[in-house]
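# Test case, fold it:
(chains A and B)
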Amino acid sequence: MFNTTQRFVHWLHAAAFFVLMATGLMLYIPWFGNSIALGDGGHAIRLIHRIGAIAFMLVPICYLVFNPKGLFDAMKRIFTWDKDDLGWLRAAPAYYFLGDEEAMPPQDKYNTGQKLFYLTVVICMVGFIVTGLIMWFGKGTVPAWMFRWSVILHDLCAIAYAAFFLVHFYLSVMHPLMKGAINGMLFGWMPEEYVRRHHARYYEELRSKEVLGSKS
Amino acid sequence: MAKAMLIDVSKCTGCRACQVACKAWNDLPGEVTTCLGYYDNPPDLSPNTWNRIAFYEIEREGGQVAWLFRSIRCMHCTDAPCVRVCPTGALYKDPLGFTAYDESKCNGCGYCTQFCPFHIPRLKDATVWGKGKVAKCTFCQDRVVNGLIPACAQACPTGAIEFGERDELVAEGRARVDTLKAKGYDEANLYGKNLLGGLGTMYVLTDPPDTFGLPEAPSGALAEVWQLQTLGGIGIAVGATALGLLINWLIARKQIKVEEM
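Numbering: from 1, shown residues only, chains lettered A, B, ... in the order given. This next block holds a predicted model:
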């Protein structure tokens, strides 16, 4: 289940991501429209990147301000790892390629893959914001080595984000097993049967809290 | 083929004629400066100061004080880190060997100002909004391609700045180092012959490079890393991921029976 704030920050994040990724690629990748990134056009793209960056920075701020409980709950979940995560890693190939559910251990609200993705997002988000602010405001005031490493780390974060985003997008809308998953982020709820089969531990948690009803 | 400049600090008197000639030819306005208690003026390069004399006061062995001068300007590296990191191609290597730039292409990102191991390029009007244009010594490209020598070399009254074929200047620089050594400058050296693929601005130095604020081993390694990872890495990472997902989709849609929920 995702409440309104959680869904809002997800889609704010998504919008900022698209703007930032598109402008970032246009600036630096020749076969991605680099020719319009010259001169004043390039300056305009850099400016849009900075505006997108403000929206991006608002994501964790909004989450913390409007739904601190939800944020802490999510953080607690993604930093909690046990033997079922190892089991997920072992079972994942057969599960995602062949739909073989036998070996798949019960998963929490976020399964191991989702936790990995969420962790990557959190780490990269910190990386993006710290290095981005250095590049924005620190040019010439911070030591040159710090700026250079900021550029390199910023781009490493972008590579991780871009690659993991594809997986995220694919699994949420394209993979046959994940039918229904997208509802969680669109409307906040998912089919009960989906939660029971994909997130058994979370299902049990919800059941013990007696929050399961017609919608879950 | 490649052109270069050889600056012999032992011949430099610190007169700053080169500094003035650079401003005059390139139409760069003067700058209001403050006296900081030493001779350097202006105290730093800027978008409007592409060449300046730095003054160094050192004490040699035996208590003898020496006053040294060095004209600071773009080194025109053969393997220039600024060119590597320039995302627009505004900075480029001219066939004659110097590091030139096309201001109209520059979008003001300023990577060159931070990746240059000599801290030479500077940004014009960089603000919070990120608008700016890079500026630095052009090697008087407009003069050189028209058969003239750079304004600084033209103006130098002592012949401390020489312009010519790089190979010839390397030979001349070596000869000058030998002469200086014979005169008792034991640590005389030719700076820049092989650094960063060979510098287009080489120095005959009377003392070790760090005496003149020059790095012993300037490196463009991070510029190369950036180029590899950003221009190649993202394509490989995203491409491999996309390929993996495609394979998964092709297999999964056959193998997995979609159940209605």
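# three-state assignment of B:Tyr92?
Here B:Tyr92 is recorded as strand under DSSP: H, G, I helix; E, B strand; the rest coil.
# Please report how far the residue nearest to the spatial centre of chain A lies from B:Met75.
With distances taken as C-alpha atoms, centre = their mean, the residue of chain A nearest its centroid is A:Val121 (4.7 Å). Taking C-beta to C-beta, to the nearest Å as the measure, A:Val121 falls 42 Å from B:Met75. Where you see a C-beta, it was placed from the backbone N, CA and C, and this is true even at glycine.
# got it, and B:Ala252?
As judged by C-beta to C-beta, B:Ala252 and B:Met75 stand 56 Å apart.
# who's more crowded, those two?
Shown here are B:Ala252 and B:Met75; by other C-beta atoms under 10 Å in any protein chain shown, B:Met75 has more neighbours (26 against 19).
# part of a helix, is that one?
No - under three-state DSSP, B:Met75 falls outside any helix and is assigned coil.
# pretty sure it contacts B:Phe118?
Yes - because the distance of 5.4 Å satisfies C-beta atoms under 8 Å, B:Met75 is recorded as touching B:Phe118.
# ok now stretch A:112-121, how far from the chain's centre?
7 Å (C-alpha atoms, centre = their mean, to the nearest Å).
# Give me the buried positions along it.
Using 16 or more other C-beta atoms under 10 Å in any protein chain shown as the test for burial, stretch A:112-121 gives A:Thr112, A:Gly113, A:Gln114, A:Lys115, A:Leu116, A:Phe117, A:Tyr118, A:Thr120, A:Val121.
# Just the ones of those residues in helices?
Using DSSP state H, A:Thr112, A:Gly113, A:Gln114, A:Lys115, A:Leu116, A:Phe117, A:Tyr118, A:Thr120, A:Val121 are the members of the buried residues of stretch A:112-121 that sit in helices.
# Can you list the buried residues in whichever helix in chain B runs longest?
Identified as the longest helix of chain B according to DSSP H is helix B:234-255. By 16+ other C-beta under 10 Å, the buried positions in helix B:234-255 come out as B:Ile234, B:Ala237, B:Val238, B:Thr241, B:Leu245, B:Asn248, B:Ala252.
# Low-confidence bits of chain A, can you list those?
Within chain A, the segments meeting pLDDT under 70 span A:30-34, A:210-216.
# can you list the domain ranges for it.
Domain segmentation of chain A under automatic domain parsing yields A:1-67, A:79-178, A:183-216.
# For chain B, find the nearest of these.
In terms of C-beta to the nearest C-beta, the element of those nearest to chain B is domain A:1-67, at 2.6 Å.
# chain center to that closest one, what's the gap?
Using C-alpha atoms, centre = their mean, the mean C-alpha position of domain A:1-67 is found 13 Å from that of the whole chain.
# Kindly check the end-to-end length of it for me.
14 Å (C-alpha to C-alpha, to the nearest Å).
# how about that domain, does it reach chain B?
Yes - using C-beta under 8 Å from any C-beta of the partner chain, domain A:1-67 reaches chain B at A:25, A:27-30, A:34, A:37-43, A:45-47, A:50.
# Just the pLDDT for the residue in the stretch 1-150 of chain B positioned nearest to chain A.
Chain A sits closest to B:Asn107 of the stretch 1-150 of chain B, with a gap of 2.6 Å, by C-beta to the nearest C-beta. pLDDT, B:Asn107: 90.
# what about it, how many neighbours?
Going by other C-beta under 10 Å, the residues that sit close to B:Asn107 add up to 25.
# Contact partners for the residue of chain A most remote from its centre?
Distance to the chain centre peaks in chain A at A:Gly39, reaching 32.8 Å (criterion: C-alpha atoms, centre = their mean). Remark: with contacts taken as C-beta atoms under 8 Å, 6 or more residues apart in numbering or on different chains, A:Gly39 is in contact with B:Thr88, B:Ser104, B:Lys105, B:Cys106, B:Asn107.
# Kindly list the main-chain dihedrals of the fourth one?
Meaning B:Cys106. phi -70, psi 130 (degrees, to the nearest 10).
# number of nearby residues for it?
Applying the criterion other C-beta under 10 Å, we find 27 residues in the vicinity of B:Cys106.
# now B:Ile53, what's its secondary structure?
The local conformation at B:Ile53, judged by three-state DSSP, is strand.
# Name whatever forms a beta bridge with it.
In this entry, B:Ile53 is beta-bridged to B:Ser71, by DSSP bridges.
# Going by secondary structure, A:Trp88 is in what exactly?
Assessed by DSSP states H and E, A:Trp88 sits inside helix A:83-98.
# what's the distance between A:Ile182 and A:Phe169?
For A:Ile182, the distance to A:Phe169 (C-beta to C-beta) stands at 10 Å.
# One more: A:His10?
With C-beta to C-beta as the criterion, A:His10 and A:Phe169 are 13 Å apart.
# Likewise for B:Phe163?
57 Å.
# neighbour-wise, which of these two wins?
Remark: of B:Phe163 and A:Phe169, B:Phe163 carries more neighbours, 20 against 12, as counted by other C-beta under 10 Å.
# hang on, that one is in a strand, isn't it?
Yes - the assignment for B:Phe163 is a strand, going by three-state DSSP.
# Show me where the stretch 1-150 of chain B has its helices.
Remark: helices assigned in the stretch 1-150 of chain B by DSSP state H, counting those that start in this stretch are B:17-26, B:81-85, B:111-115, B:141-144.
# if we can go back for a sec, okay, the ones in helices among the buried residues of stretch A:112-121 in a markdown table with distance to chain B next?
A markdown table is the format used below for these (distance: C-beta to the nearest C-beta, whole Å):
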| residue | distance to chain B |
| --- | --- |
| A:Thr112 | 17 |
| A:Gly113 | 12 |
| A:Gln114 | 16 |
| A:Lys115 | 18 |
| A:Leu116 | 14 |
| A:Phe117 | 12 |
| A:Tyr118 | 17 |
| A:Thr120 | 13 |
| A:Val121 | 15 |
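# Now the stretch 151-261 of chain B against chain A: closest residue?
Here the residue of the stretch 151-261 of chain B nearest chain A is B:Ile256; by C-beta to the nearest C-beta that distance is 3.5 Å.
# Let me see the contact set for that residue.
A:Leu98, A:Gly99, A:Pro176, A:Leu177.
# Name the nearest residue to it, ignoring sequence neighbours.
A:Gly99 (3.5 Å; C-beta to C-beta, 6 or more residues apart in numbering or on different chains).
# Looking at the buried residues of stretch A:112-121, spot the one nearest B:Thr179.
A:Thr120 (61.5 Å; C-beta to C-beta).
# So B:Ser10 sits against B:Val204, correct?
Yes - between B:Ser10 and B:Val204 a contact is recorded at 6.4 Å, counting by C-beta under 8 Å.
# Common neighbours of these two, please.
By C-beta under 8 Å, 6+ apart, B:Ser10 and B:Val204 have these common neighbours: B:Arg176, B:Leu180, B:Ala188.
# Sitting in strands, which of the residues you listed do you find?
Among these, no member falls in strands (DSSP state E).
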